[in-house]
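1. Quick one, structure for this:
(4 chains)
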There are 2 protein chains.
Amino acid sequence: MSTDTARRLVESMRDLLWERGYTGTSPKAVLQRAGAGQGSMYHHFAGKADLAQSAIVETAQEMRAKADAELSGPAPAVERLTAYLRRERDVLRGCPIGGLTQDAELMADPQLRAPVAETLAWLRGRLAEVLGEAVAAGELAPTLDASAVATTLVATLQGGYVLARAAGSREPFDQAVAGVLGLLLSASEH
Amino acid sequence: MSTDTARRLVESMRDLLWERGYTGTSPKAVLQRAGAGQGSMYHHFAGKADLAQSAIVETAQEMRAKADAELSGPAPAVERLTAYLRRERDVLRGCPIGGLTQDAELMADPQLRAPVAETLAWLRGRLAEVLGEAVAAGELAPTLDASAVATTLVATLQGGYVLARAAGSREPFDQAVAGVLGLLLSASEH
DNA sequence: GTCTATAGATTGATAGAC
DNA sequence: GTCTATCAATCTATAGAC
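-> Numbers count the residues shown, from 1 in each chain, chains lettered A, B, ... in the order given. Down below sits the predicted model:
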């Protein structure tokens, strides 16, 4: 069945995009990992960019679905936020979506860039909503700027990945999260 | 004079590393930008990696010198911190050092990775010192964890670059900085 | 010190057999 | 649908003339 080969190609491209980026990933490497020949890829996809687009869209959807599930539970808003921020992550591999912003070739292609931009914009918006709930429930100070703080939280995660990769250790990531949570919670003591 | 050609090669490599990353930068592109032939590069440097190392070390030293100057002035500690965070930056180009952490090929080479790791580690440490001064001067709450918050501040900047590049706008960067400053200053009202 | 010429490998893609 | 063969272009590096 063709569907299986196509799925393996997308899966391999997802792994390699995460590990090596778009510029650093050759069709040849994808085919080897998927155990397929040249013909298979060009039968199912128009080329490298087309396959990469399928891979990025899949990764983006997964990331968004997982975050939405965590942020939409029945627990108090602040508990959902801290659980989301502290959730176990594959820190040293970086963010499979955010990391792509550093690839100039990928960002130059609107089809590849769009799912990256949309996913991070959605996440900022969703966190702003939950922060708004927390303020409304009196869990956080009413003076808090939900939009700005939401962007700060996403930036802390994204930057935490950068610092962890630089250090070769997840410690900076955990420290960055602990730091921003400390500020958020002590700022709420009003 | 050979020194001038070598300098132009390093300068060109610095620009291209910032713009395209290590994997995305070919010696050919560097030579074209520098206006030099193949022979010049292999006369002055052992190869692409060697030239890149000189370029990264130079960029790292500049970044560190500039940050240290801003963080070491006579102004109150919190003022120095806010001035550093709000300083004008070429946001859409990303951080010329932090952005390199996403390049797997570069990070696999200890010679190329070391200056990246050291620069970001130094910055976290220097910000922790200034935060410590602020606490000691009573400008910030004594309960503040200087090391953790320092890492949060660097992560906010690094993640701000990621979000700005994704959005194609500097707005998320400015929002992330405003958010973290809001938390830091309101948390200090003790 | 700088140049051009060249090398062998790899890139992304196409052709055509099966 | 999948394979192998092949393509022109580019990659990083070396050789050798000047």
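2. What count of nearby residues applies to the closest residue to A:Ile56 other than its chain neighbours?
-> Once flanking residues are discounted, A:Ile56 sits nearest to A:Pro115: 5.1 Å by Cβ to Cβ, 6 or more residues apart in numbering or on different chains. In this view, the C-beta of every residue, glycine as well, is placed from N, C-alpha and C. Neighbourhood size, A:Pro115 [other Cβ atoms under 10 Å in any protein chain shown]: 21.
3. where's the closest residue to A:Arg126 other than its chain neighbours relative to chain B, distance?
-> Nearest non-adjacent residue to A:Arg126, counting by Cβ to Cβ, 6+ apart: A:Leu71, 5.7 Å away. The gap separating A:Leu71 from chain B is 18 Å, by Cβ to the nearest Cβ, to the nearest Å.
4. what's near enough to touch A:Leu71?
-> Going by Cβ atoms under 8 Å, 6 or more residues apart in numbering or on different chains, A:Leu71 touches A:80-81, A:84, A:126-127, A:130.
5. how about 10 Å then?
-> By Cβ atoms under 10 Å, 6 or more residues apart in numbering or on different chains, the contact set of A:Leu71 is A:77, A:80-81, A:83-84, A:123, A:126-127, A:129-130, A:133.
6. helix/strand/coil for the residue of chain A found nearest DNA strand D?
-> Relative to DNA strand D, the nearest point of chain A is A:Gly39 (1.6 Å; Cβ to the nearest atom of the strand). The three-state assignment at A:Gly39 reads helix, by DSSP: H, G, I helix; E, B strand; the rest coil.
7. and which of the contacts of A:Leu71 is nearest to B:Glu11?
-> A:Leu123 (37.6 Å; Cβ to Cβ).
8. which residue packs closest to that closest one, ignoring adjacent ones?
-> A:Val154 (5.6 Å).
9. Secondary structure element holding that neighbour?
-> In this assignment (DSSP states H and E), A:Val154 forms part of helix A:146-167.
10. Let me know the average pLDDT across that helix.
-> Mean pLDDT, helix A:146-167: 99.
11. before we move on, the earlier item: list the contacts for the residue nearest to A:Leu123?
-> A:95, A:98, A:120-121, A:123-124, A:126-128, B:156, B:159-160, B:162-163, B:166, B:172, B:175-176, B:179.
12. Buried among these? Need that as a selection in ChimeraX.
-> A single ChimeraX command suffices to select whichever of the contacts of A:Val154 are buried according to 16 or more other Cβ atoms under 10 Å in any protein chain shown:
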select /A:95,98,120,123,124,126,127,128 /B:156,159,160,162,163,166,172,175,176,179
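13. What number of neighbouring residues does the residue of chain A found nearest DNA strand C come out with?
-> Closest to DNA strand C within chain A is A:Ser26: 2.8 Å, counting by Cβ to the nearest atom of the strand. When neighbours are defined as other Cβ under 10 Å, A:Ser26 has 12 of them.
14. what does A:Thr152 give?
-> If we define neighbours as other Cβ under 10 Å, then A:Thr152 has 30 of them.
15. Quick one: residues contacting the nearest residue to it once chain neighbours are set aside.
-> Nearest non-adjacent residue to A:Thr152, counting by Cβ to Cβ, 6+ apart: B:Gly179, 3.3 Å away. Contacts for B:Gly179 were tallied using Cβ under 10 Å, 6+ apart; they are A:131, A:144-156, A:180, A:183-184, B:156, B:160.
16. Now do B:Gly179 against B:Phe173, distance only.
-> 11 Å (Cβ to Cβ, to the nearest Å).
17. do the same with A:Leu16
-> A:Leu16 is 29 Å from B:Phe173, by Cβ to Cβ.
18. neighbour count winner among those two?
-> Per other Cβ under 10 Å, whichever of A:Leu16 and B:Phe173 has more neighbours is B:Phe173, with 25 against 21.
19. Which residue, other than its chain neighbours, is closest to A:Val91?
-> A:Arg170 (4.1 Å).
20. what packs against the host helix or strand of A:Leu31?
-> Assigned by DSSP H and E, A:Leu31 belongs to helix A:27-34. Helices and strands touching helix A:27-34, as assessed by 3 or more Cβ pairs under 10 Å, 6 or more residues apart in numbering or on different chains; DSSP states H and E, comprise helix A:2-20, helix A:38-44, helix A:48-71.
21. Please save the CA atoms from it in PDB.
-> Listed in PDB are the C-alpha atoms of helix A:27-34, where the atom choice follows Å, rounded to 0.1, in the frame of the first residue of the first chain:
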ATOM      1  CA  PRO A  27      16.100  14.000   0.500                       C
ATOM      2  CA  LYS A  28      18.600  11.200   0.400                       C
ATOM      3  CA  ALA A  29      18.800  11.100   4.200                       C
ATOM      4  CA  VAL A  30      15.000  11.000   4.500                       C
ATOM      5  CA  LEU A  31      14.800   8.100   2.000                       C
ATOM      6  CA  GLN A  32      17.500   6.100   3.800                       C
ATOM      7  CA  ARG A  33      15.700   6.600   7.200                       C
ATOM      8  CA  ALA A  34      12.400   5.700   5.600                       C
END
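22. got a list of contacts for it?
-> With Cβ under 10 Å, 6+ apart as the contact definition, helix A:27-34 has outside contacts at A:5-17, A:19-20, A:25-26, A:36-42, A:45, A:47-48, A:51-52, A:55.
23. and what of stretch A:127-145?
-> Taking Cβ under 10 Å, 6+ apart as the rule, stretch A:127-145 contacts A:67, A:70-72, A:76-81, A:84-85, A:146-154, A:184-185, A:187-190, B:175, B:178-179, B:182-183, B:186-187, B:189.
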